[in-house]
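>>> I'll drop the sequence and a predicted model, then ask my questions.
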Amino acid sequence: MAVPRQDPVVRCSPDTPGPIAPGDLESLERDGFLTVDRLIGPDEVAVYRRELERLVTDPAVRADERSVVEPRSEEIRSVFEVHRISEVFARLVRDERVVGRARQILGADVYVHQSRINVKPGFGAGGFYWHSDFETWHAEDGLPDMRTVSVPIALTENHDTNGALMIMPGSHRTFLGCAGATPKDNYKQSLQMQDAGTPSDAALTGMASEYGIKLFTGRAGSATWFDCNRMHGSGDTITPFPRSNVFIVFNSVENAAVEPFAAPVRRPDFIGARDFTPVR
């Protein structure tokens, strides 16, 4: 079911002071994303990569329920709530270059709805099938409105050969509901391989024909702010080149989660936060 979007993407007025220029805010409203080529420098990238490696090689982290393991390689695929596990990544979340843009876009104080590191090692890392985050966050986490923005920050080079992110520009202007009931504890399956909550082939074909597909490549340290309703995905990695990033989801404090709209129970707090304390 496709429904025209009712919510604006950018909530601040064009003349609101902030790190994002008015022209870039207009692009974000139109396309659903905004890329900053070098948000953090090489020295900072090195710090965050060392911390990522420390986390994914720590047996205690691997055993934690917040870690998701790749089914085929049995390597860590994602570690959630990373801003609570690691002070290094907590500082990144509080960095004004990061959270300041989120506040400007959403026109309010923000809290972290979700944070994680994503690790795509070379040779066999699985992709993420086409989906809209808001569909899941609304259905399973109880986010009322489209007032949420994500920012993946690349910690490795993004090539067109290592499972880079793909997005349909402009797709955020249409909400695509997915058929079928949400299974109990769906998150346990979906974090490894998505099934429920993914659009039909016919719906995806229609959206791709209308909006096209953009492949995101770029240097380590680049970042992209994404509207919560954009259609996106990434392919498997069969080359030797890994792809890793830190992924932060900011939600407006005026859009705090309630009970799920289409799931029998909430997802765990480490996936959909219930602590609405503003990031300072």
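Everything's here; your move. Residues are numbered from 1 along each chain as shown.

>>> gap between residue 135 and residue 119?
When Cβ to Cβ, to the nearest Å is the yardstick, residue 135 and residue 119 sit 25 Å from each other. Heads up, the C-betas are built off the backbone N, CA and C, glycines and all.

>>> got it, and residue 170?
30 Å.

>>> Which of the two has more residues huddled nearby?
The residue with the greater number of neighbours, taking residue 170 and residue 119 and applying other Cβ atoms under 10 Å, is residue 119; the counts read 23 against 17.

>>> Chain neighbours aside, what residue packs nearest to the more buried one?
Closest residue to residue 119 in three dimensions, ignoring its sequence neighbours and counting by Cβ to Cβ, 6 or more residues apart in numbering: residue 244, at 5.0 Å.

>>> Now do stretch 272-280: distance from first to last residue.
Length of stretch 272-280, first residue to last, Cα to Cα, to the nearest Å: 19 Å.

>>> what's in contact with that stretch?
Defining contact as Cβ atoms under 8 Å, 6 or more residues apart in numbering, one finds that stretch 272-280 is touched by 93-94, 99, 109-114, 137, 140-143, 250, 253, 256-257, 266, 269.

>>> Can I get the buried ones among these as something I can paste into ChimeraX?
Buried members of the contacts of stretch 272-280, defined by 16 or more other Cβ atoms under 10 Å, are picked up in ChimeraX with:
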select :93,99,109,110,111,112,113,114,137,140,141,142,143,250,253,256,257,266
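
>>> if you look at the contacts of stretch 272-280, which of them are in strands?
Cross-referencing the contacts of stretch 272-280 against strands under DSSP state E gives 110, 111, 112, 113, 114, 250.

>>> Need the max-distance pair from these.
Pairwise distances among the ones in strands among the contacts of stretch 272-280 were taken by Cβ to Cβ; the largest, 12.2 Å, belongs to 110 and 114.

>>> Helix or strand: which one has the residue nearest to residue 119?
Following DSSP states H and E, the helix or strand that holds residue 244 is strand 243-252.

>>> so what secondary structure elements neighbour that strand?
helix 42-56, helix 87-94, helix 96-106, strand 110-120, strand 148-154 (3 or more Cβ pairs under 8 Å, 6 or more residues apart in numbering; DSSP states H and E).

>>> strand partners of that strand, parallel vs antiparallel please.
According to DSSP bridges, strand 243-252 has the following sheet partners: strand 110-120 (antiparallel), strand 148-154 (antiparallel).

>>> got those as TSV, with mean pLDDT and distance to residue 205 columns?
Below are the strands paired with strand 243-252 laid out as TSV (pLDDT from 0 to 100; distance: least, Cβ to Cβ, whole Å):
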stretch	mean pLDDT	distance to residue 205
strand 110-120	96	26
strand 148-154	97	25
